[in-house]
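Student: what's the 3D shape of this:
(4 chains)
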Protein chains: 2
Amino acid sequence: MSRKGEQSREHILGAARELVMEKGFAGTAIDDILRRAGVSKGAFFHHFGSKAELARELVRWHAGQDIEMFRTLAARAEATHDDPYDQLLMFLQGFEAYISNPEQPSRGCMYAVYTYENAQFDEQVRGIVAEVLREWTAIYIRKFQEVLDVHPPRMEVSARQLAEMIVSIIEGALVLQRAYGKPDMTARQSRHFRDYLALLFDKPAQASAA
Amino acid sequence: MSRKGEQSREHILGAARELVMEKGFAGTAIDDILRRAGVSKGAFFHHFGSKAELARELVRWHAGQDIEMFRTLAARAEATHDDPYDQLLMFLQGFEAYISNPEQPSRGCMYAVYTYENAQFDEQVRGIVAEVLREWTAIYIRKFQEVLDVHPPRMEVSARQLAEMIVSIIEGALVLQRAYGKPDMTARQSRHFRDYLALLFDKPAQASAA
DNA sequence: CATTGAACGTACCAATCGGTCTGTTTCCGG
DNA sequence: CCGGAAACAGACCGATTGGTACGTTCAATG
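Tutor: You can find the predicted model right below:
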């Protein structure tokens, strides 16, 4: 049931995702979304009670997507390697492949969009954004702690520091990628971070995809 | 002459800067700016021909501020140290002090705001944003090249890679800082990058402000 | 085949938006 | 002290905005 209905909802969310990523949330009018999604105003307000609710559902959608990607990449890495360091490297390589995928029209981080339009949103939306970024960091912290427990680093460093660094790098690289149109910026930065890890944990730089 | 006029202009730009940083550019109505700046609509359109022109002037203002900061910090660093590595470290420490200044209500990067609302702006504005970020990167590239010319790194790395990395880290840290309200995130990330440099160039970690 | 509720489509609305127009005040050189 | 330009102030305007009202389609169910 509600096959058609779900489809419209998806179209609206898809169009909203594209447009918000192009023009920001406040800069995207509902009519813009209707035009791109090819649905009517009635359809929109049938599925979403208000623009604010769209904001919530949109950020929830992204949160779901990202969690799925994280889980998939992490599971694959953990199934392939025993050493947490190798797992981490493979995870990052997987992320680089994902973010470099040219079909993916994302080209930016939706949480950053929301963050920089902070005052537009209610406490709930802000909470979700903070939650997701915190969760990302937490996942990295756990993994880095595993690495640190096994491999002594060449200098004193905390799992939190490393985790926050990789998240910062990715977020920042996505900004630069957009700002001066270098589509491979994010993947390159992630690769450079892997090089840093190799140096930090005194591992030979293994063959990484050029 | 035009003392009062300049003052109004500054007030408008100041209010716009605050509001745009809170709600984004599209999310900030001209009337909002008028209210906060305490000026009338007539005053606004006397100084700025349109909202788009305000966008241009606002980004130009930031570009000017940032160039000044860069020049000041760089000059001080170069006056204090001869070694480009020491200069770079001092520059970064200066930046950390600047960005941690609690009186500074900036709390974010205006270029990131513009970048994530890309489609709102004309080619000129986008050009300025890309230009500034490129210039930042270029300055870092030159300095890192000087460092690399003198100090052999422990692994192969290009000046461009390092330059793009520090810019990414700062941009990303500013996002995280906002997203989950950690006012010291940016300075901490910069410090961690300095630790990375210490490792990379095999320098003893010198006493850094906790 | 009638009923019903989900899934629309569309005309419409009040509020807000960026921007204009028409004055008035303020300043400053001659 | 005068004249003109810069620097406002604020009423006003058409377009756009998020949102509503109300009618229609359609598929499933009894």
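
Student: the nearest residue to residue A:98 once chain neighbours are set aside: helix or strand, and which one exactly?
Tutor: Nearest non-adjacent residue to residue A:98, counting by CB to CB, 6 or more residues apart in numbering or on different chains: residue A:69, 6.2 Å away. Backbone N, C-alpha and C define where each C-beta goes, glycine included. Counting by DSSP states H and E, the element that carries residue A:69 is helix A:51-80.

Student: around DNA strand C, pick out the residues from chain A.
Tutor: By the criterion of CB under 7 Å from any atom of the strand, the positions of chain A lying close to DNA strand C are A:2, A:4-9, A:39-43, A:45-47.

Student: can you say which of those are buried?
Tutor: A:8-9, A:39, A:43, A:47 (16 or more other CB atoms under 10 Å in any protein chain shown).

Student: before we move on, the earlier item: near the residue nearest to residue A:98, how many other residues are there?
Tutor: Residues lying near residue A:69 (other CB atoms under 10 Å in any protein chain shown) number 14.

Student: of the buried ones among the residues of chain A next to DNA strand C, which belong to helices?
Tutor: Here DSSP state H is the test, and these give A:8-9, A:43, A:47 as lying in helices.

Student: farthest pair in the residues you listed?
Tutor: A:9 and A:43 (8.8 Å; CB to CB).

Student: rewinding a little: gap between the residue nearest to residue A:98 and residue A:23?
Tutor: According to CB to CB, to the nearest Å, residue A:69 stands 25 Å off from residue A:23.

Student: and residue A:80, what does it touch?
Tutor: A:86-87, A:90 (CB atoms under 8 Å, 6 or more residues apart in numbering or on different chains).

Student: one more time with 7 Å
Tutor: Applying CB atoms under 7 Å, 6 or more residues apart in numbering or on different chains to residue A:80 gives the contacts residue A:90.

Student: roughly how far apart are the residue in chain A positioned nearest to DNA strand C and chain B?
Tutor: Here chain A gets closest to DNA strand C at one residue, residue A:42, 1.8 Å apart by CB to the nearest atom of the strand. According to CB to the nearest CB, to the nearest Å, residue A:42 stands 26 Å off from chain B.

Student: residue A:109: which of the ones in helices among the buried ones among the residues of chain A next to DNA strand C is nearest?
Tutor: residue A:9 (23.1 Å).

Student: does the closest one touch residue A:46 like I think?
Tutor: No - Residue A:9 is beyond contact range of residue A:46, at 9.1 Å (criterion: CB atoms under 7 Å).

Student: per-domain residue ranges of chain A.
Tutor: Residue ranges for each domain of chain A read A:1-49, A:50-200, as given by automatic domain parsing.

Student: in terms of contact, does residue A:58 touch residue A:15 like I think?
Tutor: No - contact criterion CB under 7 Å: residue A:58 and residue A:15 do not qualify, at 10.6 Å.
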